[in-house]
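Only the shape, not the letters, is given here:
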């Protein structure tokens, strides 16, 4: 599903920062992979390159047989909307939208007519069927993160990227989120790549990729 | 941009407005309403000023059109058989009335204290048939003393306040305070001398008519030894039916030997004043539009910057920059539309009724706000277009930021 070859990311400046130093990785379809490592190891930077949120300095990234680094900016935006899902650390919901609107909006932007029903179904799936019309500020952090997960699934993404999705959650909510990821992975065969620094999260994933100083540890 | 994109942009804009802070919305609309009110009021007031001056000139001095004697191939002093010419002009549809004038000039002598010390002033004298004249010009409505009777006798004269003196601003060349019933002596340009009893004094401050005197047509014909001629024929027309140019063309086609002048060419220094006011009105309008545009720009920019993270999230999940930009443009047009609505309410349901109830007196009469449909449309379109641009530019500036910078700073 994902093939990464020799990915390099260098932030230029007076003192260049070598965030990724030639990273290669293969992720199979339906695999649930955790990227782990210390703070500053490059795991979030790596995820951002794969999720097309940033552009690497060198290397190749293929997602579902598409060489995504050759896409134009417009094509990348469209690719993100159609094929990728995101869950961020800080919930990242639109404050003025209800839970239901936050979930169905990406589908609406794709022009899909039955998005509301599917969004309601996804919110039901993440156990928020009773909070459809609540706004983010009316929900707990764990609930908001589950709304974000439901949103990430609305367009049936090929890959779901999650960047430290439980960093701001308590232990119970964190477990709920990872159990949800596990369920999505098993039931929907959803490919998931998650960045986390909590060792106990290893129990939920198929594979852990350890990073250190911009490279994958063998 | 597809219909789906537009729908998505409208959705973002709608939710941002409807679920955003109501106090912020109220403040934005309040400030923009004042900007639009400023635009409308200043342009309307200056237009009213120009309009009032022109109206005063047309009603007291120039009429809509003046028909003058033949100039080519031979210059003539008078229009011959003026009654027939006027009758011909009055057959033109839309012509309201005509009046014949004799233009004379003379030297006035006035002994205020009856002590043999005279004040001498030269002034133009217009001879009119007041029965006809009042259908075209309304000097009779500006009397400050005495009257302007329909049957002005041969030995009676009407003086402008600037010529009589003693009414308002002191003139360097007035007679020093003539009152109704006094006697003034006039020596005409052709040497004829007459003595008149002052029957009325009128006051018009716009243009030079206030320094003029009026006598009867019969008196002028006796002095000039002429009959049924005229120095000029003043024409009042209904400008809602045809344009000034169309009336002028119709008269010229009927009397090609005569010269037709529109009031717009007879405004002289008043015309220069009006032109200056129109330029000032234009400058003030442009400045008001720029101020309104900057206001919208700042507000949309602050709004967009405060929502940088949200914009970053939208871009991250695959929403096109153009959708985000359009959503901000829709918001700014919405703010501008509300500003137009409330600004119009303020002008038409507060300021105009206030000016009606407590009018401000100007030299030409009561100050009024004058708006044309085209002018109002230009003001509205100007604000909406400036809102569109002032909404688009800051949205573009924020939306083009790197996704990660937008979300995490």
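Structure received. Owing to the predicted nature of the structure, the values given are computational and were not obtained by experimental measurement.

What is the neighbour count of residue 199?
You didn't pick a chain, so chain A it is. 9 (other C-beta atoms under 10 Å in any protein chain shown). No exception for glycine: its C-beta is placed from N, CA and C like everyone else's.

actually it's chain B I care about, not the one you picked
Neighbour tally, residue B:199, other C-beta under 10 Å: 21.

What residues are bridge-paired with the closest residue to it other than its chain neighbours?
Once flanking residues are discounted, residue B:199 sits nearest to residue B:156: 4.2 Å by C-beta to C-beta, 6 or more residues apart in numbering or on different chains. With DSSP bridges applied, residue B:156 shows beta-bridge pairing to residue B:197.

just checking, residue B:156 touches residue B:218?
No. The pair residue B:156 / residue B:218 is not scored as a contact, 11.0 Å apart, by C-beta atoms under 8 Å.

Helix or strand next in line after the helix-or-strand element of chain B with minimal mean pLDDT, which one?
When the helices and strands of chain B are scored by mean pLDDT, DSSP states H and E, strand B:365-366 comes last with a mean of 76. Using DSSP states H and E, the helix or strand that follows strand B:365-366 in sequence is helix B:373-399.

In the chain, where is pLDDT below threshold?
No chain specified, so I'll use chain A. A:218 (pLDDT under 70).

not quite, I wanted chain B
For chain B (pLDDT under 70), the answer is B:168-171, B:409.

Let's verify the residue nearest in space to the middle of chain A: helix, strand, or coil?
Central residue of chain A (C-alpha atoms, centre = their mean): residue A:161, 1.7 Å from the mean position. Three-state assignment for residue A:161 (DSSP: H, G, I helix; E, B strand; the rest coil): strand.

nearest spatial neighbour of it, skipping sequence neighbours?
residue A:51 is the one closest to residue A:161 (C-beta to C-beta, 6+ apart), at 4.3 Å.

Which stretches in chain A count as helices?
Assignment of helices within chain A using DSSP state H yields the ranges A:43-50, A:73-83, A:99-109, A:115-125, A:141-153, A:171-188.

what does the last one rub up against?
Judged by C-beta atoms under 8 Å, 6 or more residues apart in numbering or on different chains, the contacts made with helix A:171-188 from elsewhere in the structure are A:30, A:32, A:126, A:140-142, A:145-146, A:149, A:153, A:160, A:162, A:165-166, A:169, A:190-192, A:194, A:198, A:201, A:204-206.

now stretch B:151-162, how far from the centre of its chain.
31 Å (C-alpha atoms, centre = their mean, to the nearest Å).

and that stretch, which residues are buried?
If you call a residue buried by 16 or more other C-beta atoms under 10 Å in any protein chain shown, then stretch B:151-162 has these buried ones: B:152, B:154, B:156-162.

Can you redo those residues as CSV, where the extra columns are secondary structure?
Formatted as CSV, the buried residues of stretch B:151-162 follow (three-state DSSP):
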residue, secondary structure
B:152, coil
B:154, coil
B:156, strand
B:157, strand
B:158, strand
B:159, strand
B:160, strand
B:161, helix
B:162, helix
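
Show the contacting residues for the residue of chain A found nearest chain B.
Ranked by C-beta to the nearest C-beta, the top residue of chain A for proximity to chain B is residue A:81, at 2.5 Å. Taking C-beta under 8 Å, 6+ apart, we find residue A:81 in contact with A:106, A:109-110, A:155, B:317-319.

Now the two most distant members of those residues.
A:155 and B:319 (11.8 Å; C-beta to C-beta).

shared neighbours of those two, anything?
By C-beta under 8 Å, 6+ apart, the residues touching both residue A:155 and residue B:319 are A:81, A:106.

Same drill for those two, tell me which one is more crowded.
Between residue A:155 and residue B:319, residue B:319 has the larger neighbour count (other C-beta under 10 Å), namely 25 against 22.

in what helix or strand does the more buried one lie?
Per DSSP H and E: nothing holds residue B:319, as it lies in no helix or strand.

if I've got this straight, residue B:281 is in a helix?
Yes. Using three-state DSSP, the assignment for residue B:281 is a helix.

Not counting residues beside it along the chain, what's closest to the residue in chain B that chain A sits nearest to?
In chain B, the residue that lies nearest chain A is residue B:318 (2.5 Å; C-beta to the nearest C-beta). Nearest residue to residue B:318, sequence neighbours excluded (C-beta to C-beta, 6+ apart): residue A:81, at 2.5 Å.

same deal with residue A:38?
residue A:212 (6.9 Å).

Assess the claim that residue B:338 and residue B:29 are in contact.
Yes. Residue B:338 is within contact range of residue B:29, at 4.6 Å (criterion: C-beta under 8 Å).

Spit out the contact partners of the closest residue to residue B:336 other than its chain neighbours.
The shortest distance from residue B:336 to any non-neighbouring residue, by C-beta to C-beta, 6+ apart, is to residue B:387 (3.2 Å). With contacts defined as C-beta under 8 Å, 6+ apart, residue B:387 is in contact with B:32, B:292-293, B:296, B:332-333, B:335-336.

Need the buried ones from those residues selected in PyMOL.
Typed into PyMOL, the line below selects the buried ones among those, using 16+ other C-beta under 10 Å:
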select buried, chain B and resi 32+292+293+296+332+333+335+336
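
would a markdown table of the contacts of residue B:387 with distance to residue B:108 and secondary structure be doable?
What follows is these, written out as a markdown table (distance: C-beta to C-beta, whole Å; DSSP: H, G, I helix; E, B strand; the rest coil):
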| residue | distance to residue B:108 | secondary structure |
| --- | --- | --- |
| B:32 | 59 | helix |
| B:292 | 55 | helix |
| B:293 | 58 | helix |
| B:296 | 62 | helix |
| B:332 | 66 | helix |
| B:333 | 65 | helix |
| B:335 | 64 | helix |
| B:336 | 60 | helix |
